[in-house]
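Engineer: mind looking at a prediction? Sequence and model below.
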Amino acid sequence: MVEVRVEEVSKAYGKVAALKGVSQRFASGAMTAILGPSGCGKTTLLRCIAGFLAVDLGRIRFGVDDVTELPPQQRGTAMVFQNYALWPHMTIFENVAYGLRLQKVASDEIHRCVLRVLELVEIGSLSDVETRRPGALSGGQQQRVALARALVVQPKVLLMDEPLSNLDAKVRQRLRAELRRLQKQVGITAIYVTHDQEEALALADTVVLMNQGQIVQTGTPQDIYLKPSTAFAAEFLGVSNQIDGEAEAGRLRIAGQRVPYAGSERGPVTVIFRASDVQIEAAPGTERAETISVCGELEESLFLGAHYRHYVRLPGAVVMADSADPKPMGAVRIHVPLEKVHPYHA
Amino acid sequence: MPASGMMRPTLRMAGFVVAALIIFGPLSSLVIWSFAEKWYWPHLFPQQLGFLYWAKVFQGDMLRALQDGLVIAVVVTALTLVITVPLAYVLARMPIPLKPVILMVFLLPQAFPQLPVFVNSMTLLYRVNLGGKLGGVILIHMVGALVFAVWTMTAVFKSVPETLEEAAINLGASRLKTFWSVSLPLATPGIVASTLLVFLYSLDEFTGTLLVGSPFVLTLPVYMYRTSVGYELQVASVSALLLMVPGIVLLVMLERYMKSEYLSMFGRI
């Protein structure tokens, strides 16, 4: 249980800067998700923490120890890989026992620890783990074994590099919940890299959003989701609507309408809001207070299972709106509560 | 449906027959020659068949040639393995400078025509008193063996996913420990395949052996060559057939070994 501190870390591959002076604390005993699109530097950051990559600049500390110069063998991290990285020529038992054997733990002690941790990750029947190889297991089971292999050495820090992204949706959701439970139960400092915003929100105590080698925003999942700090953050977190507007003191001009505005942006802005926050009313409808209310044309509706997604053409933009029930095509009025609308400097 | 159902096996049989003719046709003349005690033109088949030449071959130089050839092949294979396995691992994994140059150097002898390369090596080897000796032949075999082994084994080590090694390093294993416990076992099927092919290459090598080893070092291919230019076609045929035995045996082994190993090792990762 240590706090991991990354201080002003930079890393370049040739001329391409992968990390540009990243600083971040990863709280001890908490699960932190590093979230971002591919190529944003999240995996590079994780590999720098693990020691597989040497940083160009900056320091990495585990608690009071500066580990920047330590080789990966001496950092006491344990990694869970996207492709499981189980050794196909060893039995399940030997895979998990590997780290303990390196530490020269007595063999009956190894036996006890391995079986206990395999039980912890709920691998199912333990009777044949000493004869079966990981290749005989499903992807989800393999990742449980990989997790057991990482946890059995009681690492200071658990690092996970997109551990669920090779699994199908159902297994992924199940394992997500179990990862969360396990991490809380063991109380280990965990860093979890993912490009899946839903996964990051569901799993983490803290979400670190990265883009282009820099940290964009850090916060609780609720903060990140409800108060994205930039247009990138909003867009990456699944905000589906972006329309152009104009901000001035006290006023926001958007889709031909002026609404009250208390924020500090001035000039051209990108206004962002979620499809689920848009309400549709048959035209002509009535204007509401504290709401953007604009008339448009409902052009298209798609049934997506949980809800309908409607495409409404406004003057100069198409807005997506979700609703639980179908809506008639044609003239409509849409309402977006002002508190759900985020203007960002364009 | 029944018609085509009947046709299929017939067609397939015909295909097998044609393939068998193409593969075994030329070989069959070897078999016939090896048993021909008397065969003169214009007879289509030998006038007299028998084991005379088989008996003759097993009495003469042939056994010594076979033995020498095996000794050379074993030594060449062992030396090649010892040199190539670490080298190939380093080439596959470490960011060493001039990697393409090193790999090219191993290809260089193959880039030039074999004969001048071997003739040059021959004069060199005679100068250092290795001409006509087993040592010289072993060295000349290694030129070809190394080219082959370095390239294939580098590919074999590259095919071992790097994350499997990182997983071991991450848990505290040293580079060496990682190599012994992860990389080497996973590369074993490929190394075995490459080793068998090096062994066969050495056993069948002819040009270099003839130039460097003659007249004192005699392997089966050289023996066969000598007998056939001496118009002892029967002896040549017998030795040719014998020469094929290790090849067939090893290739069967190779195929079986690679299949089962690749299935259990690489099949599900």
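Structural biologist: Arrived safely. Numbering: from 1, shown residues only, chains lettered A, B, ... in the order given.
Engineer: which parts of the chain are helices?
Structural biologist: Since no chain was named, I'll use chain A. A:42-50, A:92-102, A:107-120, A:139-151, A:169-186, A:197-203, A:221-226, A:231-236 (DSSP state H).
Engineer: not quite, I wanted chain B
Structural biologist: Going by DSSP H, chain B shows helices at B:2-35, B:52-59, B:62-93, B:99-111, B:114-127, B:134-158, B:162-170, B:175-178, B:184-204, B:207-208, B:220-229, B:233-265.
Engineer: burial check on residue B:231, number of neighbours?
Structural biologist: By other Cβ atoms under 10 Å in any protein chain shown, 9 other residues sit near residue B:231. The C-beta positions use only the backbone N, C-alpha and C, and glycine is treated the same way.
Engineer: over to residue A:20?
Structural biologist: Neighbour number of residue A:20 under other Cβ under 10 Å is 16.
Engineer: what about it, distance to residue A:56?
Structural biologist: 10 Å (Cβ to Cβ, to the nearest Å).
Engineer: follow-up on the earlier one: reformat the helices of chain B as CSV; add distance to residue A:94.
Structural biologist: CSV is the format used below for those (distance: least, Cβ to Cβ, whole Å):
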stretch, distance to residue A:94
helix B:2-35, 44
helix B:52-59, 50
helix B:62-93, 22
helix B:99-111, 34
helix B:114-127, 47
helix B:134-158, 22
helix B:162-170, 12
helix B:175-178, 14
helix B:184-204, 11
helix B:207-208, 45
helix B:220-229, 45
helix B:233-265, 14
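Engineer: lowest mean pLDDT across these, which one is that?
Structural biologist: Comparing mean pLDDT across the helices of chain B, the weakest is helix B:233-265, with a mean of 73.
Engineer: residues contacting residue A:328?
Structural biologist: Going by Cβ atoms under 8 Å, 6 or more residues apart in numbering or on different chains, residue A:328 touches A:282, A:298.
Engineer: all the strands of the stretch 151-300 of chain A, residue numbers only.
Structural biologist: A:157-161, A:189-194, A:206-211, A:214-219, A:241-248, A:251-254, A:257-260, A:267-273, A:279-282, A:291-303 (DSSP state E, counting those that start in this stretch).
Engineer: which among those strands is found nearest to residue B:220?
Structural biologist: Distance to residue B:220, taken as Cβ to Cβ, is lowest for strand A:157-161 among the strands of the stretch 151-300 of chain A, at 54.8 Å.
Engineer: mind listing what the most centrally placed residue in chain A touches?
Structural biologist: Chain A has residue A:200 as the residue nearest its centroid, 2.8 Å off, counting by Cα atoms, centre = their mean. With contacts defined as Cβ under 8 Å, 6+ apart, the neighbours of residue A:200 are A:33, A:35, A:192, A:194, A:207, A:221.
Engineer: could you find the closest non-adjacent residue to residue 218?
Structural biologist: Let's take chain A. Once flanking residues are discounted, residue A:218 sits nearest to residue A:208: 5.0 Å by Cβ to Cβ, 6 or more residues apart in numbering or on different chains.
Engineer: other chain: chain B
Structural biologist: Excluding the flanking residues, the one nearest residue B:218 by Cβ to Cβ, 6+ apart is residue B:65, at 4.5 Å.
Engineer: neighbours around that neighbour, how many?
Structural biologist: 23.
Engineer: so what's it up against?
Structural biologist: Here residue B:65 is in contact with B:218, B:219, B:220, B:222, B:223, B:239 (criterion: Cβ under 8 Å, 6+ apart).
Engineer: separation between it and residue B:80?
Structural biologist: In terms of Cβ to Cβ, residue B:65 sits 22 Å off from residue B:80.
Engineer: what of residue B:74?
Structural biologist: Taken as Cβ to Cβ, the span from residue B:74 to residue B:80 is 11 Å.
Engineer: those two: who's more crowded?
Structural biologist: Taking neighbours as other Cβ under 10 Å, residue B:74 and residue B:80 compare with residue B:80 leading, 25 against 14.
Engineer: list the contacts for the closest residue to the more buried one other than its chain neighbours?
Structural biologist: Take residue B:80 and drop its neighbours on the chain: the residue closest to it by Cβ to Cβ, 6+ apart is residue B:145, 4.6 Å away. For residue B:145, the contact set (Cβ under 8 Å, 6+ apart) comprises B:76, B:77, B:80, B:198, B:201, B:202.
Engineer: just residue A:258 next, same as before
Structural biologist: Residue A:258 makes contact with A:251, A:252 under the criterion Cβ under 8 Å, 6+ apart.
Engineer: per-residue pLDDT of it, please?
Structural biologist: pLDDT for residue A:258: 82.
Engineer: what's the answer for residue A:293, then?
Structural biologist: pLDDT, read off for residue A:293, is 86.
Engineer: surely it and residue A:332 touch.
Structural biologist: No: taking contacts as Cβ atoms under 8 Å, residue A:293 lies outside contact range of residue A:332: 11.0 Å.
Engineer: who has more neighbours, the two?
Structural biologist: Taking other Cβ under 10 Å, residue A:293 and residue A:332 do not tie; residue A:332 has more neighbours (23 against 18).
Engineer: what's around the closest residue to that one other than its chain neighbours, how many residues?
Structural biologist: Leaving aside its chain neighbours, residue A:332 sits nearest to residue A:298 (4.8 Å; criterion: Cβ to Cβ, 6+ apart). Using other Cβ under 10 Å, residue A:298 has 20 neighbouring residues.
Engineer: could you give the number of residues near residue B:219?
Structural biologist: When neighbours are counted by other Cβ under 10 Å, residue B:219 registers 29.
Engineer: revised request: answer the last question for residue A:118.
Structural biologist: Counted with other Cβ under 10 Å, residues neighbouring residue A:118 total 24.
Engineer: what does residue B:96 give?
Structural biologist: Other residues near residue B:96 come to 9 when the count uses other Cβ under 10 Å.
Engineer: who's the closest spatial neighbour of it, skipping the chain neighbours?
Structural biologist: residue B:90 (6.5 Å).
Engineer: in chain A, what residue is nearest chain B?
Structural biologist: Nearest residue of chain A to chain B (Cβ to the nearest Cβ) works out as residue A:135 at 3.3 Å.
Engineer: picking up where we left off before, so which of the contacts of residue B:65 wins on neighbours?
Structural biologist: Highest count within those by other Cβ under 10 Å belongs to residue B:219, 29 neighbours.
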